[in-house]
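Engineer: No sequence on hand, only this structure:
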């Protein structure tokens, strides 16, 4: 039961796609070929930044990197047998949530995917605006 | 105090966010992993003796020295012919004879008698003569079914493993496994082919078979035959040969500050120190894992695990993580310095209320955590979808929250909803650690309420009994429901099996929380002659356990969310508990919302047969702001989880409570409250 999906804005997806095409934005500790195509904030592992990306990484990333991370996490946090990686939490709302949560200096170690798991639960109940 | 923003929110946003906050997945700890299956609980007769089917029995160290079977004994040591290891052992023995050692900080010292020390030294000398490895991973690679690996004293940093690349192009991306929507995780074959990509030490339990089934099966009972190879390292025992766990350290940390086993790493060479994968009948004993970007010890899809006399220090995520594993026991352990939880049995099998003929001996516990000290971490214990786990005889102290088990992290965690947790005969106290500060020595990965003993966010049929729960400055134990729609990622992972205890669930969308019983606990009071462990003050944790008075109140004893009114008996109940003065009358609860006044009922139901839930908007509103995560708002209606509460009974605590109560009363009379009620009605009809 995924509910009505509200994907991120098209322009954000386009930016991500553009960044992937130009191959920029490798981040984190891996620095090897396999990680080179992965976009996002934080260390890349197994083709994803979802596992390790933290608030500290978030604050250091570009907007494009951040949206790529959201897309990555969104995919990881849907049921594994689900054919869609769509979420009821829009990428824009996820972006805002990370922005305010990561603001405090002490929040640097908080893992983004654990925060996303929380925020994703908000989405089915958000009334249409 | 900064002015809160909640009261200025619009009606619409307040209602929406408040309802959303019911899910409270700030507690969703979870982890990301390949699609996992619960192993067949029956013994595997493909190896003799059969592997799994029960918690394995450890073989004695003395028998390892004789070389008696079954299996070979592979010895790992430091120095030529183990000379360095023997020197370390002698030093440890001297200390243990003269001063003793502590297996757990909460327990008395253990002094080793001369005769025992002599025997242990003799055993180690015999083992040293057979030492053929200076690397644990090298010994594991040579091991087969029924073998034993005896690790003599020393620090094992595994240089060869460390030199292996992360994201090894041999495996990445070719051996990544896709889930149905195309997201990638390392497959079993990835781990087998590149064992030290993520892991300092990797134990491959079974041979490779076919490719993983894509998409994963909805029924997670049994690893698919197409994926399941024969045992290659089942019934394996890995054991330190020292006096105490700290004598054998498997270490994936870097850039240490300080010296000794408790030294803090500045970085990590690998994600996991010791990973045990599909290795049924595994025994790990008498060692310490330290320093990992994720976990110290990690077992996945294993039937039969015994961890005894083990320690988990300084791991960024979990000290211990077991996942989709059965016949699993962790005992006589200690851990601290975890950014999430010290111990985490996640997605444990459906052997509780939702058991089926796949588990012919069900209902039964599948995991037991016993006689451990879990402290100095964000959480002492955690487990998403922690079905049928028993937590017994432990000391859980000095964390932000002591125990948390939830039904929030559904994605990747089969076993929805969590049920049949049993917490009994534990000491759960002084969980007041503040890691939400700029100079925190442990980086918290999760958002949890500072000052809490036990937290159930979506649990059924829990049995919490005969515990001592005291000096937790927020709440002794919290319980609230999680509507199915709020489990993240679109609902349950895999099948939902019959036996969900909530009325009309899962059809009505409310599968938690029902049938939870809290009884015969002693709350707000410590035992006579109780002596707090020195480690209780670790990392600046505060407590009030000094003095002779036994009265050591919690901020509130039992906090109950009361959610949701589904028009039927839900059977949550509290009975035969005693409070700070030794009587039932002094037990506090069901708690006000962040010290807010709440709608009736204002008593904890004691009759399990008649107890019903109640949709309480004041508590709902409190959960709203907590669900929205940490922020800098500290107004009277804002979430206070991110700061340590004032000491119970203090003037500051009384003032905060009065302020919140007044704000709550104002809220309850506000248009925002009416809007919230309407929104709840829309969602629950």
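Structural biologist: Good, I have the coordinates. Predicted model only: the values in this text are computed from it and were never measured. Numbers count the residues shown, from 1 in each chain, chains lettered A, B, ... in the order given.
Engineer: How much space separates whichever residue of the stretch 401-550 of chain B sits closest to chain A from residue B:398?
Structural biologist: Scanning the stretch 401-550 of chain B for the residue nearest chain A gives residue B:443, at 2.9 Å (criterion: Cβ to the nearest Cβ). Placement of C-beta: from N, CA and C, glycine included. Distance, residue B:443 to residue B:398, using Cβ to Cβ, to the nearest Å: 17 Å.
Engineer: count of neighbours near residue 78?
Structural biologist: Unless you meant another one, I'm taking chain A. The local packing of residue A:78 (other Cβ atoms under 10 Å in any protein chain shown) involves 27 other residues.
Engineer: The chain in question should be chain B.
Structural biologist: 21.
Engineer: How much space separates it from chain A?
Structural biologist: 29 Å (Cβ to the nearest Cβ, to the nearest Å).
Engineer: same deal with residue B:54?
Structural biologist: For residue B:54, the distance to chain A (Cβ to the nearest Cβ) stands at 30 Å.
Engineer: same deal with residue B:342?
Structural biologist: Distance, residue B:342 to chain A, by Cβ to the nearest Cβ: 17 Å.
Engineer: thinking again about what came up before, not counting its neighbours along the chain, what's nearest the residue of the stretch 401-550 of chain B closest to chain A?
Structural biologist: Distances taken as Cβ to Cβ, 6 or more residues apart in numbering or on different chains place residue A:109 nearest to residue B:443, at 2.9 Å, with adjacent residues excluded.
Engineer: so that neighbour makes contact with residue B:446?
Structural biologist: No. The criterion here is Cβ atoms under 8 Å, and residue A:109 misses it with residue B:446 at 9.6 Å.
Engineer: now the residue nearest to residue B:443: how far from residue A:46?
Structural biologist: Separation of residue A:109 from residue A:46 (Cβ to Cβ) stands at 21 Å.
Engineer: Stretch B:606-618 near chain A at all?
Structural biologist: No. Using Cβ under 8 Å from any Cβ of the partner chain, stretch B:606-618 never reaches chain A; the gap is at least 14.3 Å.
Engineer: Show me the shaky parts of the chain.
Structural biologist: No chain was given, so I picked chain A. By pLDDT under 70, the low-scoring segments of chain A are A:1-38, A:121-129.
Engineer: other chain: chain B
Structural biologist: In chain B, residues with pLDDT under 70: B:1-31, B:486-490, B:592-602, B:628, B:683-685.
Engineer: List the buried residues of whichever helix in it runs longest.
Structural biologist: Longest helix in chain B, counting residues (DSSP state H): helix B:651-668. By neighbour count on 16 or more other Cβ atoms under 10 Å in any protein chain shown, the buried set for helix B:651-668 is B:653, B:656, B:657, B:659, B:660, B:661, B:663, B:664, B:667, B:668.
Engineer: what's the closest of the residues you listed to chain A?
Structural biologist: Using Cβ to the nearest Cβ, the buried residues of helix B:651-668 come closest to chain A at residue B:667, 19.0 Å.
Engineer: right, and the closest one touches residue B:619 too?
Structural biologist: No. In this structure, residue B:667 is not within contact of residue B:619 by Cβ under 8 Å, at 11.0 Å.
Engineer: Show residues contacting the strand or helix carrying residue B:63.
Structural biologist: Using DSSP states H and E, the element containing residue B:63 is helix B:61-66. Residues outside helix B:61-66 that contact it (Cβ atoms under 8 Å, 6 or more residues apart in numbering or on different chains) are B:73, B:119, B:120, B:123, B:126, B:127, B:148, B:150, B:239, B:241.
Engineer: same thing but 7 Å
Structural biologist: B:73, B:123, B:126, B:127, B:148, B:150, B:239, B:241 (Cβ atoms under 7 Å, 6 or more residues apart in numbering or on different chains).
Engineer: For the second one, which non-adjacent residue is closest in space?
Structural biologist: Same thing as residue B:123. residue B:65 (4.6 Å).
Engineer: what number of residues lie near that neighbour?
Structural biologist: Residue B:65 - counted by other Cβ under 10 Å - has 22 other residues nearby.
Engineer: do you know how far it is from residue B:122?
Structural biologist: Residue B:65 is 8 Å from residue B:122, by Cβ to Cβ.
Engineer: do residue B:637 as well
Structural biologist: Distance, residue B:637 to residue B:122, using Cβ to Cβ: 68 Å.
Engineer: who's more crowded, the two?
Structural biologist: Using other Cβ under 10 Å, the more surrounded residue of residue B:637 and residue B:122 is residue B:637, with 27 against 12.
Engineer: what about the more buried one, distance to residue B:666?
Structural biologist: For residue B:637, the distance to residue B:666 - Cβ to Cβ - is 9 Å.
Engineer: tell me which residues in the helix holding residue B:63 are buried?
Structural biologist: Within helix B:61-66, the residues scored as buried using 16+ other Cβ under 10 Å are B:61, B:64, B:65.
Engineer: go on, stretch B:463-477?
Structural biologist: B:463-465, B:467-477.
Engineer: Residue 87: how many residues sit nearby?
Structural biologist: Picked chain A for this. By the criterion of other Cβ under 10 Å, residue A:87 has 30 neighbours.
Engineer: Let me rephrase: I mean chain B.
Structural biologist: Residue B:87: 14 neighbours (other Cβ under 10 Å).
Engineer: counting contacts, what elements does the helix or strand where it lies pack onto?
Structural biologist: In this structure, residue B:87 is located in helix B:83-98 according to DSSP H and E. Other elements packing on helix B:83-98 under the criterion 3 or more Cβ pairs under 7 Å, 6 or more residues apart in numbering or on different chains; DSSP states H and E are helix B:114-129, strand B:154-156.
Engineer: can you count the residues close to the closest residue to chain B within chain A?
Structural biologist: Residue nearest to chain B within chain A: residue A:109 (2.9 Å; Cβ to the nearest Cβ). Using other Cβ under 10 Å, residue A:109 has 18 neighbouring residues.
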